[in-house]
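**Student:** Requesting a structural model of the entry that follows:
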Amino acid sequence: MDIFPSSVNTIINHQGVAAISQKIQNVDYIDLPEKAIRALERISTEAANSVLLNANLDLMLNLMDFFELDIQIVMMKLISNVCLNLNREEDISKLLTLLPTLTMFFEIRGTSDKHSDMFSLI
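**Tutor:** Prediction:
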């Protein structure tokens, strides 16, 4: 997507967001979900609404503990991109379903220096 920026539109038009988000469930090989999360974060910069509607963000957030801190930060950037680009009331209501998971995540983490990069995104 970095080499061919127009590929983001192709991915969106051919239901690629849902296909990429399915790869996150495969935690047997951690590299594949990490690449999928990075791809979704990249897509969210241009098409946040598509990511919100087609990616299973709730599942992704529930699996957050399986990933290293750098991938957790990418996940928070993805959520941040989605929040910044909401256009409709329906989008906001879909995002509100993620709040309990996000709240629990931050309550467990506290405000340690280790997670300060993540907190700065919110």
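**Student:** Secondary structure element holding the residue lying closest to Ile71 once chain neighbours are set aside?
**Tutor:** Spatial nearest neighbour of Ile71, chain neighbours left out: Glu34 (5.3 Å); criterion: C-beta to C-beta, 6 or more residues apart in numbering. All C-beta spots, glycine's among them, are computed from the backbone N, C-alpha and C. Using DSSP states H and E, Glu34 sits in helix 31-46.
**Student:** and the next element down the chain from that helix?
**Tutor:** Assigned by DSSP H and E, the successor of helix 31-46 is helix 48-54.
**Student:** Check which residues of the helix or strand where Phe105 lies are buried.
**Tutor:** Phe105 is part of helix 99-109 when elements are defined by DSSP H and E. Within helix 99-109, the residues that count as buried by 16 or more other C-beta atoms under 10 Å are 101-102, 105.
**Student:** Ok, stretch 52-67 next?
**Tutor:** By 16+ other C-beta under 10 Å, the buried positions in stretch 52-67 come out as 52, 54-55, 57, 60-61, 63-64, 67.
**Student:** So which residues make contact with it?
**Tutor:** Stretch 52-67 is contacted by residues 15, 17-18, 20-22, 24-25, 27, 30, 33-34, 37, 40, 51, 72, 75, 78-79, 82, 86, 91, 94-95, 97-98, 101-102, 105 when judged by C-beta atoms under 8 Å, 6 or more residues apart in numbering.
**Student:** Kindly recompute the last result at 7 Å.
**Tutor:** 17-18, 21, 24-25, 27, 34, 37, 40, 72, 75, 82, 91, 94-95, 97-98, 101-102, 105 (C-beta atoms under 7 Å, 6 or more residues apart in numbering).
**Student:** For it, list the C-alpha coordinates in CSV.
**Tutor:** Output of stretch 52-67 as CSV, limited to C-alpha atoms (Å, rounded to 0.1, in the frame of the first residue of the first chain):
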residue,chain,number,x,y,z
LEU,A,52,-15.2,0.8,11.2
LEU,A,53,-17.9,-1.1,9.3
ASN,A,54,-16.0,-4.0,7.9
ALA,A,55,-13.1,-4.8,10.3
ASN,A,56,-14.0,-6.6,13.5
LEU,A,57,-12.5,-4.0,15.8
ASP,A,58,-14.0,-5.5,18.9
LEU,A,59,-12.2,-8.8,18.3
MET,A,60,-9.0,-7.0,17.5
LEU,A,61,-9.2,-5.1,20.8
ASN,A,62,-10.0,-8.3,22.7
LEU,A,63,-6.8,-9.9,21.3
MET,A,64,-4.7,-6.8,22.1
ASP,A,65,-2.8,-8.6,25.0
PHE,A,66,-1.3,-11.1,22.6
PHE,A,67,0.7,-8.5,20.8
